[in-house]
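Novice: I'll drop the sequence and a predicted model, then ask my questions.
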Amino acid sequence: MPHLQKWDCISRRFARNTQGNEGQSLNEFEDLRHLYAHNYAGEADAKYFKHKRHVFVSYVTTPLTCGAEFDGRRLSPDLLHLRKYASTAQSVLERSP
């Protein structure tokens with residue numbers, strides 16, 4: 001697999017290999033990745049939203065493809081649905097050259 005540059009976005013990098021709602025799932029996964037890299041507790045604050053996110057919007061409730069919900073600040077129920085994102089990412093990577 002080619003090395004990702006620090007400015008590459010996972011969902012953009014693998015967009016051509018997605019099917020169905022996998023692109024949306026990867027966008028959500030990208031936002032979650034940044035959320036937990038920014039704050040280990042998974043709490044979004046003004047600094048997290050300083051950069052544009054793919055799906056997450058401050059104080060806007062967003063249902064996610066994994067069945068969880070982002071309430072504009074945190075994921076509910078926590079990371080119980082992370083396996084769904086991991087499975088989606090694995091499927092996309094398996095189709096990638």
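Specialist: Thanks, I have it.
Novice: drop to CA atoms for contacts and neighbour counts, all remaining ones
Specialist: Noted.
Novice: list the contacts for residue 48?
Specialist: Contacts of residue 48 were listed using C-alpha atoms under 8 Å, 6 or more residues apart in numbering, and they are 35, 38.
Novice: and what of residue 27?
Specialist: 11, 54, 55.
Novice: list the buried residues in the helix or strand harbouring it.
Specialist: Assigned by DSSP states H and E, residue 27 falls within helix 22-38. Residues 22, 23, 24, 25, 26, 27, 28, 29, 30, 31, 32, 35 are the ones in helix 22-38 that count as buried (16 or more other C-alpha atoms under 10 Å).
Novice: picking up where we left off before, most neighbours of all the contacts of residue 27, which one?
Specialist: Among the contacts of residue 27, residue 11 has the most neighbours (other C-alpha atoms under 10 Å), with 23 neighbours.
Novice: and the gap between that residue and residue 18?
Specialist: 9 Å (C-alpha to C-alpha, to the nearest Å).
Novice: pLDDT weak spots in this protein?
Specialist: Applying pLDDT under 70 to the chain flags residues 1-8, 78-80.
Novice: just the helices in it please.
Specialist: 10-13, 22-38, 82-95 (DSSP state H).
Novice: out of the ones you listed, which comes closest to residue 45?
Specialist: Residue 45 sits nearest to helix 22-38 of all the helices of the chain, at 9.4 Å, using C-alpha to C-alpha.
Novice: off-centre distance for the closest one?
Specialist: 1 Å (C-alpha atoms, centre = their mean, to the nearest Å).
Novice: can you check stretch 64-78 too?
Specialist: For stretch 64-78, the gap between its own C-alpha mean and the chain's C-alpha mean amounts to 11 Å (C-alpha atoms, centre = their mean).
Novice: with stretch 84-97 instead?
Specialist: Distance, stretch centre to chain centre, for stretch 84-97: 13 Å (C-alpha atoms, centre = their mean).
Novice: got it, and stretch 74-83?
Specialist: Going by C-alpha atoms, centre = their mean, where stretch 74-83 is centred and where its chain is centred differ by 11 Å.
Novice: list the contacts of the closest residue to residue 74 other than its chain neighbours.
Specialist: Nearest residue to residue 74, sequence neighbours excluded (C-alpha to C-alpha, 6 or more residues apart in numbering): residue 43, at 5.2 Å. The contact partners of residue 43, by C-alpha under 8 Å, 6+ apart, come to 35, 36, 73, 74.
Novice: thank you, goodbye.
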